[in-house]
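>>> Next come a sequence and a model predicted from it.
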Amino acid sequence: MHLVAYGDTLPCGVIALDCAGHTPGHTAYQAGRFLIVGDLVHGAALQLAHPEICAAYDMDPQAAVKQRRYYLDYARQNHLFLAGMHQPAGHAR
């Protein structure tokens with residue numbers, strides 16, 4: 001087991017990013033042009049347009065909204081593909 005910290009670069013250039021809010025320690029990963037946000041977005045149809053909407057699963061709603069806004073903006077500004085656990089197949093933004 002290897003412990004990593006936010007900002008660390010893992011093998012193959014994957015970067016661990018602070019995404020705490022949904023859960024403590026929630027981590028996003030940037031791998032090239034992909035931003036893998038895990039459970040940051042639960043309802044893409046709503047939350048991509050309205051990141052202030054929280055799922056009941058967000059343990060710290062205020063932090064989750066802050067992170068959602070930040071990473072959605074980051075992905076748009078950097079022309080990244082957003083990947084996560086609860087996005088519909090083929091949905092790229």
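Noted; the coordinates are in hand. Computed from a prediction, not measured in an experiment: that's the story for all the values here. Numbers count the residues shown, from 1 in each chain.
>>> What are the boundaries of the strands in the protein?
15-18, 27-31, 34-36, 81-83 (DSSP state E).
>>> With respect to residue 43, which of these lies nearest?
Smallest distance to residue 43 across the strands of the chain (C-beta to C-beta): 13.8 Å, for strand 81-83. All C-beta atoms are positioned from the backbone trio N, CA, C, and that covers glycine.
>>> Report the strands that pair with the closest one, each with its relative direction.
strand 34-36 (parallel) (DSSP bridges).
>>> In the partner strand, which residues are buried?
35-36 (16 or more other C-beta atoms under 10 Å).
>>> What mean pLDDT does that strand get?
Mean per-residue pLDDT for strand 34-36: 96.
>>> Tell me the backbone dihedrals of the residue positioned nearest the centre of the chain, please.
Most central in the chain under C-alpha atoms, centre = their mean is residue 37, positioned 2.6 Å from the mean C-alpha point. When read as degrees, to the nearest 10, the backbone of residue 37 gives phi -100, psi 0.
>>> was I right about residue 74 contacting residue 67?
No - at 10.1 Å, residue 74 and residue 67 do not qualify as touching, with contact defined as C-beta atoms under 8 Å.
>>> low pLDDT regions in this structure?
Along the chain, segments meeting pLDDT under 70 span 89-93.
>>> which residues in it form helices?
In the chain, the helices defined using DSSP state H lie at 44-47, 61-77.
>>> of all those helices, which lies closest to residue 54?
Taking C-beta to C-beta, helix 61-77 is the member of the helices of the chain nearest to residue 54, at 4.3 Å.
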